[in-house]
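Participant: sequence? don't have it. structure:
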């Protein structure tokens, strides 16, 4: 795992964007798996600002949604769908025929997971996967547990996830999420992990030990040979 310790969020976003652009320039039509939330937002904003300088990176770029809140309408401002459309698809001019993502309100959640899994099998493997680190160590909606489900699945969200800033204004918060599985993530050719935000010091400290445990989902990234981990000072300043 390659660590980059950054002085602030801006620096983290800039370094991660530079790496991402350098990878996208190597080959057109790559499959990029995208997380939502605050951690990667700076990267997406920078991609928009450099789009015209690197047009070939985006001409055939394909986007895969990492996860989604179950039960929200697709156009709900709190949905991952709205986030991705507003911050990635529309700014980067990615058409819907180059985008794959979970429906947030399908009639059958399991069938929806099976549909996305089949799409990954057809389109994959994932070339680049952008991840953030949750306060309880989750990546995607893969929560701390006794065991993991390897592929796309429905998960009961932890209280920590249900307090996420994306849904903290909702009266009725989602109970379930849809997510790629750990095997799907680890099958990615390269992974970018963005670690930022206060209140994560203890989980970051555990993560940095390199001990792999299902109780710390992000620790499984230690098993992957090509992870670029960017940490901004807010996430590790309290670590002794």
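Facilitator: It's in. Just so it is clear, the model here is predicted, and its values are computed rather than measured.
Participant: list the buried ones in stretch 76-89?
Facilitator: By 16 or more other C-beta atoms under 10 Å, the buried positions in stretch 76-89 come out as 76, 78-85, 87-89. C-beta coordinates here come from the backbone N, C-alpha and C atoms, glycine included.
Participant: That stretch - what's its average pLDDT?
Facilitator: Stretch 76-89 shows an average pLDDT of 97 in the prediction.
Participant: That stretch spans what distance, first to last residue?
Facilitator: 16 Å (C-alpha to C-alpha, to the nearest Å).
Participant: Do you know the pLDDT at the residue nearest the centre of the chain?
Facilitator: Among the residues of the chain, residue 35 comes closest to the average C-alpha position under C-alpha atoms, centre = their mean, at 2.3 Å. Residue 35 carries a pLDDT value of 98.
Participant: hang on, it packs against residue 63?
Facilitator: No - counting by C-beta atoms under 8 Å, residue 35 sits too far from residue 63 to count as a contact (11.6 Å).
Participant: what sits against residue 58?
Facilitator: Under the criterion of C-beta atoms under 8 Å, 6 or more residues apart in numbering, the neighbours of residue 58 are 24, 51, 92-94.
Participant: in what helix or strand does it lie?
Facilitator: Residue 58 is part of helix 56-59, with elements assigned from DSSP states H and E.
Participant: Can you tell me the strand partners of the following helix or strand past that helix and which way each runs?
Facilitator: Remark: after helix 56-59, the chain's next helix or strand is strand 62-65, criterion DSSP H and E. Using DSSP bridges, strand 62-65 pairs in its sheet with strand 31-34 (parallel), strand 99-100 (parallel).
Participant: Fine, thanks again, bye for now.
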